[in-house]
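Student: predicted model and sequence below, questions to follow.
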Amino acid sequence: MSRIGNKAISIPAGVTVNVDKGNFVTVKGPKGELTAQFNSELEIVVEATQAEVKRPNDTKVMKTFHGTTRALLNNMVVGVSEGFKKTLEINGVGYRAQLQGNTLVVSAGYSHTVDMIIPQGLKVELPKNTTIIISGIDKQKVGQFAAEIREIRKPEPYKGKGIKYSDEVIRRKEGKTAKK
């Protein structure tokens, strides 16, 4: 029994969910519009203030599709109504970021800067040159771009230098000690 798949998705005011043939779902809200196609064997029932995903049988494949489809549909509803946000922090001497048009330029201790083109549909803000805020309506795009930025220079455990998520805790290690 899928606990997540059986939960109803509450649809806030101002958000519309349309299901077309082949489970092609369109979700429109105040922040934008998202579309996705789900497994056609599942049944997506949309009422006025909630939506439910129902599966035809209890096979293992249908159970996995059931929970995944419900989670993805919920993320679409949350994305168009509230949006998603990831915050990254840059730690290290000389490590910084700046925006140049549609490009994020990161200096992370290399002999060159790393230029990253901001994907369509994402918004990047720099309140400080060591803080990056990525926001958008598609949870997958926001998380993927944040992971790509973090991959430039992962945080290291000795001095804590690198790019990390704001809520991430870096387990620190003690350095080598000299023998006496």
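Tutor: The structure has been received and is ready for your questions. All figures in this text were calculated on a predicted structure; none of them were measured in a lab.
Student: excluding chain neighbours, what is closest to I4?
Tutor: G67 (4.5 Å; Cβ to Cβ, 6 or more residues apart in numbering). Yep, even glycine has a C-beta here, placed from its N, CA and C like the rest.
Student: please disregard the earlier target; I meant G92.
Tutor: Using Cβ to Cβ, 6+ apart and skipping residues adjacent in sequence, the residue nearest G92 is K161, 3.7 Å away.
Student: touching, the one you found and G94? I think so.
Tutor: No: the criterion here is Cβ atoms under 8 Å, and K161 misses it with G94 at 10.0 Å.
Student: what touches both of these two?
Tutor: Shared between the contact lists of K161 and G94 (criterion: Cβ atoms under 8 Å, 6 or more residues apart in numbering) are residues G109.
Student: who has more neighbours, these two?
Tutor: Ranked by neighbour count (other Cβ atoms under 10 Å), K161 and G94 place K161 first, with 18 against 7.
Student: just to be sure, V77 is in a helix?
Tutor: Yes: when classified by DSSP: H, G, I helix; E, B strand; the rest coil, V77 is found to be part of a helix.
Student: number of nearby residues for it?
Tutor: Neighbour number of V77 under other Cβ under 10 Å is 20.
Student: cool, E148 as well?
Tutor: E148 sits with 11 neighbouring residues when counted by other Cβ under 10 Å.
Student: P127 versus that one, what's the distance?
Tutor: Distance, E148 to P127, by Cβ to Cβ, to the nearest Å: 20 Å.
Student: residues contacting E52?
Tutor: For E52, the contacting residues are 8-9, 44-45, taking Cβ under 8 Å, 6+ apart as the criterion.
Student: same question for T35.
Tutor: When contacts are counted by Cβ under 8 Å, 6+ apart, T35 is found next to 24-27.
Student: CSV please, covering those and showing neighbour count, secondary structure and pLDDT.
Tutor: Rendered in CSV, the data for these read as follows (neighbours: other Cβ atoms under 10 Å; DSSP: H, G, I helix; E, B strand; the rest coil; pLDDT from 0 to 100):
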residue, neighbour count, secondary structure, pLDDT
F24, 13, strand, 92
V25, 21, strand, 92
T26, 14, strand, 93
V27, 25, strand, 93
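Student: returning to what we had before: how much space between the residue nearest to G92 and K176?
Tutor: Relative to K176, K161 is positioned 17 Å away (criterion: Cβ to Cβ).
Student: sorry, back to before: mind checking pLDDT for the residue nearest to G92?
Tutor: Looking at K161, its pLDDT is 92.
Student: for it, give me its contacts.
Tutor: For K161, the contacting residues are 91-93, 95, 109, 153, 155, taking Cβ under 8 Å, 6+ apart as the criterion.
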